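Asks: Here is the input, now give the coordinates:
(one chain, ligands or ions: 2)
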Amino acid sequence: MFMRGVGILERSANFPRPSEKMDLMKSKETSRPVLMQNPYLQGVKEDILYHFNLGKGTHNLPALFGDVKFVGVGGSAQRMREFIEYIATELGIEDGQSNYPNICAGTDRYAMYKVGPVLSVSHGIGIPSMSTMLHELIKLLHHAQCTDVTIVRIGTSGGLGLEPGTVVVTRQSVDATFLPKFEQLILGKKVVRDTDLDRSLAEELFECSKELGQFETVIGDTMCTLDFYEGQGRLDGAFCLYTEKEKHEYLTKAQEAGVCNIEMESTVFAAMCKLGNLRAAVVCTTLLDRLKRDQVTSSHDVLHDYQQRPQRLVAYYIKKQLKAKARNS
Ligand code: R2B
Ligand code: URA
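Replies: Numbers count the residues shown, from 1 in each chain. Ligands and ions are numbered 1, 2, ... in the order given. Next up is the predicted model:
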């Protein structure tokens, strides 16, 4: 297992940054490294991050990403570009360009943008797409020797009994049986991982939302499903072999179990960020109330406004953290 500080020893000989060596040594005691648990990658010179079109041997990852402290991830590439543009404006670090280059331009699998200490990465729809992206993101952050990284999924969801546009900060991510676990078949065997997110980060984000005072925000459990239609009990998929009554019974049970919203990536996100030693949170806007309807009927402008809400909240949080850090240094 790559333990505390080993990332620093593993610094690639290709990319030394001698001037920063002492700082890294000093911060070794207190900083929180990004962890991998893979003896096969220990000390390797090349590690290809295939779906990012980046590599440890081909790119100077510490120079490109070593300063990353905050990562925003979300389903759509366009939303993640808008997030980085918004962050740049909010942090006052615009570089005169209106277009931030997509760091993963060599592939159309994922998109990645960076401004200052903030990285913005798309993850596509669903658990397999999220987990593939996270394997490569965690490796990237580890190879870049990043420490003390906070990561937030800023996404969309269906609410349960909430006014559309309400933002949900996830306390606990649960599966479709309302249990806080993520199950995956590895070598044909079921492996169960827990889905703990960082409680204090969730509370801080919730407090930030109160300070921001721009939209309704709640803190509660988020259910993660394997599918948008049957997996979420919709009546409007190509197939629906259950009744409207059964749908309502299921969603009501979910609500009674504490579920505030439903989406498709949070369990694997929570499980993998915990393994990678990342401080993680999930903040999703709700596009509709699933107790009332299945189809997303709001106008493009209304949906765009809803989708910007998690971005505004996370940008506010990042700004606050950076201001506090500047005050204390
Ligand atoms: C929320 O919205 C997407 C499906 O429309 C999915 O990525 C999710 O979790
Ligand atoms: N995303 C989901 O996964 N479900 C919804 O109902 C809306 C967005």
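Asks: and the stretch 151-300 of the chain, which of its residues are near ligand 1?
Replies: Gly155, Thr156, Ser157, Phe228, Glu263, Met264, Glu265 (C-beta under 6 Å from any ligand atom). Yep, even glycine has a C-beta here, placed from its N, CA and C like the rest.
Asks: Who does the residue of the stretch 101-250 of the chain found nearest ligand 2 form a beta bridge with?
Replies: Closest to ligand 2 within the stretch 101-250 of the chain is Gly158: 2.4 Å, counting by C-beta to the nearest ligand atom. Beta-bridge partners of Gly158, counted by DSSP bridges, are Ile262.
Asks: ok, it - contacts?
Replies: When contacts are counted by C-beta atoms under 8 Å, 6 or more residues apart in numbering, Gly158 touches Gln232, Asn261, Ile262, Glu263, Thr286, Leu287, Leu288, Asp289, Arg290.
Asks: Likewise for Glu265?
Replies: Gly75, His123, Ile125, Gly126, Ile127, Ser129, Met130, Arg153, Gly155, Cys224.
Asks: Which of the residues you listed sits closest to Leu179?
Replies: Distance to Leu179, by C-beta to C-beta, is smallest for Cys224 among the contacts of Glu265, at 10.9 Å.
Asks: that older thread, filter the contacts of Gly158 down to the buried ones.
Replies: Gln232, Asn261, Ile262, Glu263, Thr286, Leu287, Leu288, Asp289, Arg290 (16 or more other C-beta atoms under 10 Å).
Asks: which of these come close to ligand 2?
Replies: Gln232, Ile262, Glu263, Leu287, Arg290.
Asks: May I see those residues arranged in CSV, with distance to Val191 and pLDDT as well?
Replies: As requested, those are arranged in CSV below (distance: C-beta to C-beta, whole Å; pLDDT from 0 to 100):
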residue, distance to Val191, pLDDT
Gln232, 24, 99
Ile262, 24, 99
Glu263, 22, 99
Leu287, 32, 98
Arg290, 30, 98
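Asks: Widest-spaced pair of these?
Replies: Those two in these that are separated most widely, counting by C-beta to C-beta, are Gln232 and Leu287, at 12.1 Å.
Asks: Let me see the contact set for Thr195.
Replies: Gln172, Ser173, Val174, Asp175, Pro180, Lys181, Phe182, Ser266, Thr267, Ala270, Ala271, Lys274 are the contacts of Thr195 under C-beta under 8 Å, 6+ apart.
Asks: what's the closest of those to ligand 1?
Replies: Ser266 (7.5 Å).
Asks: What strand or helix carries the closest residue to the closest one other than its chain neighbours?
Replies: In space, not counting the residues next to it along the chain, Ser266 is nearest to Ser173; the distance is 3.9 Å by C-beta to C-beta, 6 or more residues apart in numbering. Assigned by DSSP states H and E, Ser173 belongs to strand 167-174.
Asks: now the angle between strand 167-174 and the helix or strand following that strand, please.
Replies: The first helix or strand that comes after strand 167-174 along the chain, using DSSP H and E, is strand 181-186. Going by axes from the mean of the first three to the mean of the last three C-alpha atoms, to 10 degrees, strand 181-186 is angled at 60 degrees with respect to strand 167-174.
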